[in-house]
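Enquirer: Task: produce atomic coordinates for the following.
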Amino acid sequence: MSTGIYKRTKKYKETLRKSRLGSRVSEKTKMKLKKLLEEQWRTGKRKAGWKVKDTSKMRKAQKRILEDENVRKKRGQQLLKRDVKKWKNSLSVSKKKFYKTEKGRKWKEKYSPIISETVSKKYLDPIYYKSFITSMRNSKVWHDGKSFEVYPEEFKQIKKIAALHKENCQFCLRSEETFKKKLAFHHIDYNKNNNDPSNFVRLCTSCHSKTNSDRVSWEKFFRLLKKAENKDYHNKEILITSTRPDVIKMFPLKNKLKDKAIVVHTGQHFSLANEAFESLNWLPDFDLELMKENQSLLSVILDICLFLTPLIHELKPKRIWVLGDTASAFAASLITFTNKIQLVHVEAGLRTHDKGNPYPEEMFRVMIDQFADIMFAPTKSNVRNLNHELVRGEIHQVGNTIVDALEMIKPKLSDERPIKEPYVLMTMHRRESFDKDMGTVFSAVKQLSKKTKVIYPIHPNPNVQKVAKEIGITTIPPLNYIDFLWYLKHCEFVMSDSGGIQEEVPSFNKPILILRKVTERQEILKTGLAFLSSLESKDISEKIDKMFKLKNKKYNGNPFGDAKTTDRIVKIINTLDNK
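Expert: Numbers count the residues shown, from 1 in each chain. Next up, the predicted model:
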């Protein structure tokens, strides 16, 4: 603004002071009035001695100034839009000219094959899509004196194909609307950088951020997810396994169902379960490998729910089968219920009616049976328990599949003794015995070992190994299942807190001292060759002496089954399918 205007006003400040409003207007208003006065002086409309008589004139002046500014802005926007439109038109012409140049031809040779392949396969390669966007946005081409970004004509088609693949996140199963279209493709194998669609999964940004913590385990899981997309695995019976007893008891069922069933192993027990798979010469179709060192019960359940849910969502199963009372069986039954899939519970109805013994298995199996649609109970007492609880699913008494598995394995066992001298076979691993009870039993076993050799294949659980080391009893490394049955076949008697071994000893005519206060397998107590222990030192010693006297007595068959359980189960399932 010219300083001459100030000179011509002749004492501008004095004039403003003489005004009636001069002392009451704000600084901002004064500046606007100042500009107005300058404009009036310039146009010759301002006369000396003119005074602002009331506020209305001041307000009108202010309003006129603001309206003029808004008009100028709108006009500027209209001009800008017109210029942009012209620029875009000229740009499209420049692009066409650019493609005809040598540089443009090279660019087309590089990108056209990838683009055409993408359009023809209707599959968007995520690496190409991401690199294409970033490279094109960051690189500009100069042609005819204009700077512009180069996009191929097929870019719209690529965007349409990309939209087709923006579905739910394959891990948390949330839709793209939930997390504001932040769905993207991410690597399965971070070491590979190829155009293979099988190397990518759909993940939301929150799930993708988790993969940076442990890439190796996530890559393994993503490979399983990609494998599950294969339609050969869809609409099948899914058998869930987690521990060694699960693997053994599901083995006859898998043999009978064959291609109708697939096996998903959670990996709750790592080494013992894998040895069982190797011993029986079969492998799971999907292994989640969720085993961690010294893991808590809650972390096991959470991990299984977290990783098994997306896998089941991809597999689209006909039914899900769980066995027994493990944490994996409980978590799988919960997932099955929430996804409205039929649940089959094998070995249903076992009860001690004491929620702390065994812990936590007693409450797990009660809740599993409430979720189950079909229950296969081994014995009459198990059926009675289920009827008493008013469960909603179908109940069938069929026997226990462990007897079927034993009849398949027994011919493979050697008649030679593993050691020449007589011995007692022992196992102990239950969670509810970790504290005082386990120490008491180990002390009694230490005294027994002075008279008779005790073979104790120690459980890999660190809590069990800690107590055994403190008491100082002799142990051997864990045995695979075939070797364990070989030792069982030739022992004097068995001491164990295992439920599975209670079902196995009748097939080998071996007495058993049950190292528990209660048992859910009441049938074994009725045979007269099995006794419960109060887990007190004196009672254990007395029961051990009694066991030696039962050496030559035999069971009247196995009370838990007749080796035809699997045939009954498959027949029932086929009947249900044919309805």
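
Enquirer: which SS class is S279?
Expert: Taken by DSSP: H, G, I helix; E, B strand; the rest coil, the conformation at S279 corresponds to helix.

Enquirer: What distance separates the opening and closing residues of stretch 555-564?
Expert: With CA to CA, to the nearest Å applied, stretch 555-564 spans 19 Å between its terminal residues.

Enquirer: Likewise for stretch 545-557?
Expert: The distance separating the two terminal residues of stretch 545-557, taken as CA to CA, comes to 25 Å.

Enquirer: got it, and stretch 387-395?
Expert: Distance across stretch 387-395, first residue to last, is 9 Å (CA to CA).

Enquirer: ok, and what's touching it?
Expert: The set of residues that contact stretch 387-395 without belonging to it, under CB atoms under 8 Å, 6 or more residues apart in numbering, is 343, 345, 348-349, 366, 369-370, 372-375, 377, 383, 386. From N, CA and C alone the C-beta is placed, and that goes for glycine too.

Enquirer: now stretch 488-495
Expert: 413, 417-418, 422-428, 445, 452, 455, 501, 504-505, 508, 510-513, 515, 544, 547-548, 550-551.

Enquirer: Format the contacts of stretch 387-395 as CSV; extra columns: pLDDT.
Expert: Written out in CSV, the entries for these read as follows (pLDDT from 0 to 100):
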residue, pLDDT
L343, 97
H345, 97
A348, 95
G349, 94
V366, 95
D369, 96
Q370, 95
A372, 96
D373, 96
I374, 96
M375, 97
A377, 96
V383, 96
L386, 95
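
Enquirer: how much space is there between N255 and L306?
Expert: Distance of N255 to L306, given as CB to CB, to the nearest Å: 31 Å.

Enquirer: out of the contacts of stretch 387-395, which are buried?
Expert: Using 16 or more other CB atoms under 10 Å as the burial test, the contacts of stretch 387-395 include 343, 345, 348-349, 366, 369, 372-375, 377, 383, 386 as buried.

Enquirer: Most widely separated two among the residues you listed?
Expert: Among the buried ones among the contacts of stretch 387-395, the pair separated by the greatest distance (CB to CB) is L343 and V383, at 18.0 Å.

Enquirer: in the chain, which ranges drop under the pLDDT threshold?
Expert: Applying pLDDT under 70 to the predicted model, the residue ranges of the chain that meet it are 1-30, 32-34, 36-101, 103-168, 174-200, 205-206, 208-216, 433, 435.

Enquirer: Show me how it divides into domains.
Expert: 4-44+54-79, 80-164, 230-400, 414-548 (automatic domain parsing).

Enquirer: Now do stretch 266-273: distance from first to last residue.
Expert: Distance between the two ends of stretch 266-273: 10 Å, counting by CA to CA.

Enquirer: list the contacts for K254?
Expert: 239, 261, 263, 282.

Enquirer: how about E432, secondary structure?
Expert: When the structure is split into helix, strand and coil by three-state DSSP, E432 lands in helix.

Enquirer: who touches it in this structure?
Expert: 356-359.

Enquirer: please redo it, this time with the cut-off set to 6 Å
Expert: Residues in contact with E432, defined by CB atoms under 6 Å, 6 or more residues apart in numbering, are Y359.

Enquirer: Next one: it relative to E314, how far apart?
Expert: Computed with CB to CB, the distance linking E432 and E314 is 37 Å.

Enquirer: same question, I368
Expert: When distance is defined by CB to CB, I368 is 23 Å away from E314.

Enquirer: ok, the two, which is more surrounded?
Expert: Each of I368 and E314 has its neighbours counted (other CB atoms under 10 Å); I368 has more, 26 against 19.

Enquirer: What is the neighbour count of the residue nearest to that one when sequence neighbours are not counted?
Expert: Beyond its immediate neighbours in the sequence, the residue positioned closest to I368 (CB to CB, 6 or more residues apart in numbering) is S333, lying 4.6 Å away. Applying other CB under 10 Å, we find 24 other residues in the vicinity of S333.

Enquirer: any idea how far S333 is from Y456?
Expert: Where Y456 is concerned, S333 sits at a distance of 34 Å (CB to CB).

Enquirer: Skip the chain neighbours and tell me the closest residue to L532.
Expert: In space, and not counting its chain neighbours, L532 is closest to I514: 5.1 Å by CB to CB, 6+ apart.

Enquirer: Okay, and the beta partners of that neighbour?
Expert: S496, L532 (DSSP bridges).

Enquirer: Show residues contacting the host helix or strand of N463.
Expert: Remark: N463 resides in helix 462-471, with elements defined by DSSP states H and E. With CB under 6 Å, 6+ apart as the contact definition, helix 462-471 has outside contacts at 294, 429, 434, 438-439, 442-443, 458, 475.

Enquirer: how does it look with 8 Å?
Expert: Contacts of helix 462-471 from elsewhere in the structure, counted by CB under 8 Å, 6+ apart, are 293-294, 428-429, 434, 438-439, 442-443, 446, 456, 458-459, 475.

Enquirer: for S541, helix, strand, or coil?
Expert: Counting by three-state DSSP, the backbone at S541 sits in helix.

Enquirer: Check the spacing between it and Q447 real quick.
Expert: Counting by CB to CB, the gap between S541 and Q447 amounts to 7 Å.

Enquirer: Break down the stretch 451-579 of the chain into its strands, ranges please.
Expert: 453-455, 494-496, 512-514, 530-532 (DSSP state E, counting those that start in this stretch).

Enquirer: Tell me which two of the contacts of stretch 387-395 sit farthest apart.
Expert: Put simply, by CB to CB the two of those set farthest apart are L343 and V383, 18.0 Å from each other.

Enquirer: show me what contacts the residue lying closest to S534 once chain neighbours are set aside?
Expert: Of all residues not flanking S534 in the chain, K517 sits nearest, at 6.4 Å (CB to CB, 6+ apart). If you count contacts by CB under 8 Å, 6+ apart, K517 has them with 357, 532-535.

Enquirer: same deal with M250?
Expert: With contact set as CB under 8 Å, 6+ apart, M250 has these partners: 239, 241, 263, 321, 323, 346, 401.

Enquirer: Quickly note the distance from the residue nearest to P422 when sequence neighbours are not counted to F508.
Expert: The shortest distance from P422 to any non-neighbouring residue, by CB to CB, 6+ apart, is to E492 (5.3 Å). Here the criterion is CB to CB. By it, E492 lies 12 Å from F508.

Enquirer: Over to S279?
Expert: When CB to CB is applied, the distance between S279 and F508 equals 17 Å.

Enquirer: okay, these two: which has more neighbours?
Expert: In this comparison of S279 against F508, neighbours counted by other CB under 10 Å, the higher total goes to S279 at 21 against 17.
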